[in-house]
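Visitor: next comes the sequence, and after it the predicted model I'd like to discuss.
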Amino acid sequence: MSSYHRKIVASFSEPIRTPIFKEEKMQHLKERSLFFKGALQHIHEVGSITPSSRSVAKAMTAAMRQKPAPRRILEVGAGTGPITARIVRDMRPGDHLDIYEIDPKFTAFLARRFETEP
C-alpha cells in the first residue's frame, strides 16, 4: 500500500440531478488536468491517463440500473468521479453508495465535487 493511503467514504440516499459545478466545462477541464497529473505521478495506482468518459460510465453502470432497489453499491478507485457521478445520478431511494479512493488529491477533488449535493 502506498504511503499516501487515504480513503473517502460517501453515502447517498437520494438520486442527485443537479450540476456538480456551476460551470460544467470548467469542472471537466479541472477533472482532466488533475487526473492526468495524478496518472503521471502514480501510474501504477491510477492505471489510466484520462478519466472515464460519460459513455464509458453509462456502460459500466448498465447492470446496476437493472437491479431493483435498494442496492448496496461499492466503488473502489473513484478517481475524479466520472463513474461516481453516473452512479449517483441513477440511484434510487433506499440505495447506498460507498466510495473509496487512495490518492489524496483525488479524495479532495471528490469531496469538493460532491459537497454541495444533497
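Guide: Cool, got the structure.
Visitor: checking residue 73 next. Helix, strand or coil?
Guide: Here residue 73 takes the strand state, with states given by DSSP: H, G, I helix; E, B strand; the rest coil.
Visitor: what about it, how many residues nearby?
Guide: 19 (other Cβ atoms under 10 Å). Every residue, glycine included, has its C-beta placed from N, CA and C.
Visitor: and the one 4 residues further on, by the same measure?
Guide: Burial of residue 77 is recorded as 14 neighbouring residues (other Cβ under 10 Å).
Visitor: same check on the one 3 residues further on?
Guide: Taking other Cβ under 10 Å as the criterion, the count of residues near residue 80 is 25.
Visitor: check the one 10 residues further on too.
Guide: By other Cβ under 10 Å, 18 other residues sit near residue 90.
Visitor: do the same with the one 4 residues further on
Guide: Residue crowding around residue 94 was assessed by other Cβ under 10 Å; the count is 12.
Visitor: which parts of this protein are helices?
Guide: Counting by DSSP state H, the chain has helices at residues 24-41, 43-46, 54-60, 62-66, 82-89, 104-115.
Visitor: could you dump those into CSV with distance to residue 72, mean pLDDT and mean neighbour count added?
Guide: Output for the helices of the chain, formatted as CSV (distance: least, Cβ to Cβ, whole Å; pLDDT from 0 to 100; neighbours: other Cβ atoms under 10 Å):
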stretch, distance to residue 72, mean pLDDT, mean neighbour count
helix 24-41, 26, 71, 15
helix 43-46, 25, 71, 14
helix 54-60, 17, 88, 14
helix 62-66, 11, 93, 11
helix 82-89, 12, 91, 21
helix 104-115, 18, 85, 17
